[in-house]
Structure formats: C-alpha cells, structure tokens
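**Student:** structure of the sequence below:
(chains A and B)
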Amino acid sequence: MTTNRRWYSGMLSTEDWWAVWLGLFMFVVSLVSIWGLDLVGWMARPRAWEWTNLLSEFGWAKIFRPAGSAYGEWHPLALWLTTYVVFTGLLSVGAYFQGLDVKRFVSAFSVIFVVTWLCWLAGSEMHLATIDAAVDGRNPYLQNGLSWGLQLGDGSAYLLALAAGLVIGNFAKGLAGYLKEAAKPEWFIKTAIVFLGIKLGVMTVDATSFALELILTGAAATFVAYLLFWPIVYTLARRMFKLKRDASAVLASGISICGVSAAIATAGAIRAKPIIPVTVSMLVVIFAMFELVVLPGAYVALAPDDPIVNGAAMGMTVKTDGADAAAGALLDELMIGAHLQTTGEQWEEGWILSAALLTKIWIDVFIGIWAFVLAIIWVYKVERRAGQVSIGPAEIWFRFPKFVIGYFVAWLSYVALATWFPGHIDAAEVGANTVQSPMRHQMFMLTFVSMGVMTDFSKLKGMGRLAVLYAVALVVVIAPIAYAIAYLFHRGLTPPLVAP
Amino acid sequence: MSDNATAGRNECELVLSYERERWRASCNDFTVTGDDLAELESSIESVFRSRPALSAQLPIRVQLRFDYASLPRWLRQYQAHYFNYALNISRQGGD
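**Tutor:** Numbering: from 1, shown residues only, chains lettered A, B, ... in the order given. Prediction:
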C-alpha cells in the first residue's frame, strides 16, 4: 500500500527523491577534490577513435580514458568496470528502497548498461562524430585523414542509443519486457538533471547574465503553457472531438503542460477514473518519442542560427522530462556540430540544452499549483460539492517535482562556492567536471536506451480519436505557438563561444 | 479511527483504490465499493450512519487517500501521487 500522508512521504521510496539522493551524493563526493582528492575521476569515458586505426592495433586505451587525470594509470577496463559497479550499486540501493525486485533490476540494468556503452563507444567513432572544422588551429577530421563522415558530434551516440532502445522496444518485446524492471528513463534523466545543476552553476559563474536570462524567460514560458495552450487544447477536445470534461482536462494537461506527470496530476485533481490518465500517458509517451526523433533535426535544418530559440521551443513542445531533456541534449550536439561545420565557430556545450530544460522545469514546478486550482474548480463549479468535499493544500507538495530541488541545490551550492570561496573553485571543478560531463552524459545515454525500450508504437492502434486530437493539437497549436513565443524572447541569442 | 477534537470534528482515514472498474475504500472496520465516487461516498456515509459505534463519531472528516500502488508501476516514475481528499459527514439533522 502506498499513500501519501506526510510531507516526507515517499522520500525513500520514489524515483523522484532517489534522483535527488543520487545526484546530490555524487555532487558532494565530487567536492572532496577541494582537498586534493579526486573521488570520481575513475569514471570511464569514451575516446574518439577511428576504426582502421583500432583494427590495425587494438588497445583498450584507444577507446576508454578516465574522467580524472589522477586515474591515468588505471587499466581502461578497470575504469569501465568501476563505473559499472558504482552505478549499479548506487541504483540498486535506490531500487531496493523503491520496492523493485533487486536481483531482476541488477540483471536487467546490466544489459541496459552494456547496450548503452556499446552505443556510446560506437557513437564515438570518428566517421560518425568528428566535425570537419578547425578549432584552436586543429582540425581532427583532417588530422586523422578522414575521407568521409556524418559529422554528428556527440549526437551520434545519442541517436544510436535511441535506435537500439527502439529496436528492443518494438522488435524484441520479450527482451523489452524483461528489461522494464530497470528501464527507468524518468529516474535516469532526473538524476542527470541534478548533475546538470552543477553545469548550470559553472555556466552561471562564467556567464551570469546569460544564465539568469535563460532562467527568467523559462519562467515566462510557464504562463504560455498554462494560460494559452491548456484552454485551447481543452476547447478543441470538448468542441471538435466531443470528449467528456474529465478526458478533455487530462488530455489538455498531458498535451500542453508536462506530459505524463501533468496528465496524472490533473486526473488526480479531478478524481478521474485511473483508466483516463493511463490511456493519455501511453499516448504522451509515444508522441514524445516522435517529437524526440523528429524535432531536433527539424529545428537544426529550419533554424540553424537560432540555437536558444530552438532550445526554448523544444522545452515547451516536447512532453515528459525525459524526452525533453533527451531532445534538448540531441539538439545541443547537432546544433553545435552544424554551426562548427559551417562557420568554424564552436558554441559552448550545454546552453541549448539548458534553454530546453529550464523552460520545462518551470512548467513542472507549477503543476502542483495548477492541479490544486483545477481541484478547487472541480469541487466548487463542476461537482458543486463545496462543504461536503475538501482538498488540502498538501496536494501541491505531493505533486511537486522533487528532482527540481536537487537541481537547484546543486546549482546554488556551486554558485555559493564560487562566490564565497573563489579560491577553491578550480579545485572543486576537478570533481564537478566529471559529474556534470561524463556522468551526466552516461545518464542521458541510459535514458535514451530506456525510453526506446519502453516505447511500443503498436500501442497507438485503437487510440483513434485521442491520437488524432493529440497530433492536431501538437502540430497546429503547441509547436507553432511555442516557437513563436521562444522567438519573441530569445531571438538573436547564441551561446558563448568555447574559449581558445 | 483517530479522535481529533479540532473544530469539534473527528477524523478517520480510508484507503482508496480502483480495481476491476470499481472504486474501493477500506479501513480495518469496513470496505465499501462503488461504480463512481459519488456512489462510493454515499456508501461510506451509509456505513457511518448505520453503525452505532461509527455514528457516535459524527460529525467526522473522512480522509480518503488513494493507494498509488494500485496504478501501473511504469507510471510512478512520472508522478508519485494520485489524490487525497476529505469527505465531510455531518451529524444527521444538521451540524
């Protein structure tokens, strides 16, 4: 039995809180580098490699390297095994407290971990990833004698991970069923987002006004989502598609706010039968996958010179935190690569992703309040049962996305460190860079694979009217208005350039 | 049942779930079901009024807390709460 009674309910038993615990644990451990000890540099990360070079003389050191220079003497396989053991161990602790079958979790997670790393390694092959452009006087594309290349940057690894997950999810359903115990895209991405809080901290220190502008304009997107998208989609559902009030409200939230979490929060607010949010959630997850596959490439092709506009529009358009963060990460890599290719300029990594994410985080933060408002409206205006039925304000807290706390704690702690102890920031960055870069990338990769495993496109069969409404609302209402609003706030903004 | 003398109203808790297309509310003393929440609430009120031990507790605020474990597991990573609400049952004859 799982009911929420107290403000601390779920602190040890929900994915949301475990994203906070794992994320902040790694952050705190990384800060030990202030005292000269790198406790996270054992993290393995792929090297850029070229297949003929690897085949001519194989060596593990050609494909793996440590995140921290203090671990330079470790055998590359030892780095990878340590990475596996640490992350499997930490996630298993979380799995235990969440009531999962730990043995099954470990075995399924091991498969997902191996698939993830195979994709990460394959995606690091130079013919897939390396961009033909000179940076600081070096052009690795030419230096390595490449005669052809897809030039996708780090986006190639993400695309491979997504493809691998989708193949499993749609063509190996038995395996997908087995892996579901450990395919937790929302848990992985929320942990990655807490890691990203450190990145935002670094970015805030380096470019304060730009970071603050992203944060504030992300807040503005909240009003658009709640006050513009929701009523339009609700009206479309009621008038054109003749859906009942409860289904229309849940669908409006799922399509226009933050996907599955909003659908469930709204259904709970109006006390709908669970079949409604379950059905809407299935639709949201599948359409989020379509968005993830289509939008990054589309935005790069249509607006290659508006990176922050594209990121913010993504945050308002793509539903579920996992899909939005994943799409933002893919967009970040693809736009940086395309811009580098055409101009020779290298944008700093992470700003486009942050634009997508900050927009979504602000939307997430207000879902509890929105659901509370809807609950009051439903009791007073729809059911007309004020006095008989009462809704407590604790409902706002129970629906609040707890991982956001971890994100802001990581961000503000880093900024506080930089502000009050600036002499220690270089030492702190030794550990922080491991957490906010390769560890974060790994969690993103795990998310891509897990999302693919969980997405079964055949579930769209029989959704009929709901699927059509979703598609119409997305293409005709959400995507164009989101882009227009993002353009209004962010036109002309570009990320800082990588310092030479 | 817990006594909560605040504002002269007692409180108790029922765990809510949705199984085989019916709402279900239960505690140690009883279980009721309904096709929709209105029918369920009506059943809850009937139980309180029909049993002397329970009717002595009126007026009462019944805290209904949804058992999230009854929703599909894959949904919990997105949102770990469905709903809680309170049903206020007055003493018969006005309160």
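**Student:** please see if stretch A:90-97 touches chain B.
**Tutor:** No: contact of stretch A:90-97 with chain B (C-beta under 8 Å from any C-beta of the partner chain) is absent, the minimum separation being 11.4 Å. For every residue, glycine as well, the C-beta is placed using N, CA and C.
**Student:** now that stretch: mean pLDDT?
**Tutor:** Along stretch A:90-97, the predicted local confidence has a mean pLDDT of 97.
**Student:** show residues contacting that stretch.
**Tutor:** Taking C-beta atoms under 8 Å, 6 or more residues apart in numbering or on different chains as the criterion, the residues outside stretch A:90-97 that touch it are A:12-13, A:15, A:18, A:21-22, A:25, A:102, A:105-106, A:109, A:182, A:187.
**Student:** residue A:176 against residue A:453, yeah?
**Tutor:** Yes: when contacts are counted by C-beta atoms under 8 Å, residue A:176 is listed as touching residue A:453 (5.1 Å).
**Student:** about what we covered before: and which of the contacts of stretch A:90-97 is nearest to chain B?
**Tutor:** For chain B, the closest of the contacts of stretch A:90-97 turns out to be residue A:15, at 4.3 Å, with distances computed as C-beta to the nearest C-beta.
**Student:** about what we covered before: overlap of the contact sets of residue A:176 and residue A:453?
**Tutor:** A:168-169, A:183.
**Student:** just among those, which is most surrounded?
**Tutor:** Among the shared contacts of residue A:176 and residue A:453, the one with the most neighbours (other C-beta atoms under 10 Å in any protein chain shown) is residue A:183, at 28 neighbours.
**Student:** contact residues of chain B facing chain A?
**Tutor:** So far as C-beta under 8 Å from any C-beta goes, chain B lies against chain A at B:15, B:18, B:21, B:36-37, B:41, B:61, B:65-72, B:74-88.
**Student:** who's in contact with residue A:49?
**Tutor:** Contacts of residue A:49 (C-beta under 8 Å, 6+ apart): A:62-63, A:124-126.
**Student:** need the contact list for residue A:414.
**Tutor:** Contacts here follow C-beta under 8 Å, 6+ apart; on that basis residue A:414 touches A:197-198, A:200-202, A:204-205, A:428, A:432.
**Student:** now pLDDT too, for these, in TSV please.
**Tutor:** Conversion of those to TSV gives the following (pLDDT from 0 to 100):
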residue	pLDDT
A:197	91
A:198	89
A:200	87
A:201	86
A:202	83
A:204	84
A:205	80
A:428	93
A:432	92
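**Student:** next SSE after the helix or strand of chain B with the lowest mean pLDDT?
**Tutor:** For chain B, counting by mean pLDDT, DSSP states H and E, helix B:52-55 ranks last in confidence among helices and strands (a mean of 90). Scanning the chain past helix B:52-55 towards its C-terminal end, the next helix or strand to appear is strand B:60-66 (assignment: DSSP states H and E).
**Student:** tell me the average confidence for that following strand?
**Tutor:** Strand B:60-66 shows a mean pLDDT of 94.
**Student:** what helix or strand is the residue in the stretch 301-450 of chain A positioned nearest to chain B located in?
**Tutor:** Closest contact between the stretch 301-450 of chain A and chain B, by C-beta to the nearest C-beta, is at residue A:398 (4.0 Å). If you go by DSSP H and E, residue A:398 is part of helix A:394-399.
**Student:** check which helices and strands that helix sits against.
**Tutor:** Counting by 3 or more C-beta pairs under 8 Å, 6 or more residues apart in numbering or on different chains; DSSP states H and E, the packing neighbours recorded for helix A:394-399 are helix A:260-269, helix A:367-377, strand B:84-89.
**Student:** TSV for those, including mean neighbour count, distance to residue A:164 and mean pLDDT?
**Tutor:** Conversion of these to TSV gives the following (neighbours: other C-beta atoms under 10 Å in any protein chain shown; distance: least, C-beta to C-beta, whole Å; pLDDT from 0 to 100):
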stretch	mean neighbour count	distance to residue A:164	mean pLDDT
helix A:260-269	31	23	94
helix A:367-377	20	31	90
strand B:84-89	20	40	93
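**Student:** now, of the residues of chain B next to chain A, which are buried?
**Tutor:** In the residues of chain B next to chain A, burial by neighbour count holds for B:15, B:18, B:37, B:41, B:61, B:65-68, B:70-71, B:74-87, counting by 16 or more other C-beta atoms under 10 Å in any protein chain shown.
**Student:** thinking again about what came up before, and the helices and strands packed on helix A:394-399 as JSON lines, adding distance to residue A:244?
**Tutor:** As requested, these are arranged in JSON lines below (distance: least, C-beta to C-beta, whole Å):
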{"stretch": "helix A:260-269", "distance to residue A:244": "13"}
{"stretch": "helix A:367-377", "distance to residue A:244": "15"}
{"stretch": "strand B:84-89", "distance to residue A:244": "20"}
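**Student:** which one of the contacts of residue A:49 is nearest to residue A:354?
**Tutor:** Ranking the contacts of residue A:49 by separation from residue A:354, with C-beta to C-beta as the measure, puts residue A:124 on top at 23.5 Å.
**Student:** list the contacts for that closest one?
**Tutor:** A:46-49, A:63, A:156-157.
**Student:** scan chain B for its longest strand.
**Tutor:** strand B:10-19 (DSSP state E).
**Student:** after that strand, which helix or strand is next?
**Tutor:** Tracing the chain C-terminally past strand B:10-19 and defining elements by DSSP H and E, one meets strand B:22-26 next.
**Student:** could you list every helix and strand in contact with that next one?
**Tutor:** Judged by 3+ C-beta pairs under 8 Å, 6+ apart, the packing partners of strand B:22-26 are strand B:10-19, strand B:31-34, helix B:37-50.
**Student:** neighbouring strands for that strand, and are they parallel or not?
**Tutor:** Strand B:22-26 sits in its sheet next to strand B:10-19 (antiparallel), strand B:31-34 (antiparallel), going by DSSP bridges.
**Student:** can I get the shortest one as CSV, trimmed to CA atoms?
**Tutor:** Think strand B:31-34. Only the C-alpha atoms of strand B:31-34 are listed here, as CSV (Å, rounded to 0.1, in the frame of the first residue of the first chain):
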residue,chain,number,x,y,z
THR,B,31,-14.8,-1.9,3.0
VAL,B,32,-17.2,-0.3,0.5
THR,B,33,-17.2,-0.1,-3.3
GLY,B,34,-18.9,2.0,-5.9
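**Student:** where in chain A is pLDDT low?
**Tutor:** Applying pLDDT under 70 to chain A flags residues A:500.
**Student:** tell me the centre residue of it?
**Tutor:** Closest residue to the average C-alpha location of chain A: residue A:325 at 2.6 Å, with C-alpha atoms, centre = their mean.
**Student:** show me the contacts for the nearest residue to residue A:393 once chain neighbours are set aside.
**Tutor:** Leaving out its chain neighbours, the residue that sits closest to residue A:393 by C-beta to C-beta, 6 or more residues apart in numbering or on different chains is residue A:372, at 6.8 Å. With contact set as C-beta under 8 Å, 6+ apart, residue A:372 has these partners: A:269, A:391, A:393, A:395-396.
**Student:** one more pass at 10 Å, please.
**Tutor:** Residue A:372 makes contact with A:265, A:269, A:391-397, A:399 under the criterion C-beta atoms under 10 Å, 6 or more residues apart in numbering or on different chains.
**Student:** highest neighbour count among the residues you listed?
**Tutor:** Neighbour counts for the contacts of residue A:372 were taken using other C-beta under 10 Å; the highest belongs to residue A:265, with 32 neighbours.
**Student:** wait, that one sits on residue A:395?
**Tutor:** Yes: counting by C-beta atoms under 10 Å, a contact exists between residue A:265 and residue A:395, whose distance comes to 9.0 Å.
**Student:** pull up the overlap in contacts between the two.
**Tutor:** Taking C-beta under 10 Å, 6+ apart as the contact rule, residue A:265 and residue A:395 both touch A:368, A:371-372, A:375, B:81, B:83.
**Student:** quick one: which helix or strand includes the closest residue to chain B within the stretch 101-250 of chain A?
**Tutor:** Of all residues in the stretch 101-250 of chain A, residue A:186 sits closest to chain B, at 3.9 Å by C-beta to the nearest C-beta. In this assignment (DSSP H and E), residue A:186 forms part of helix A:185-206.
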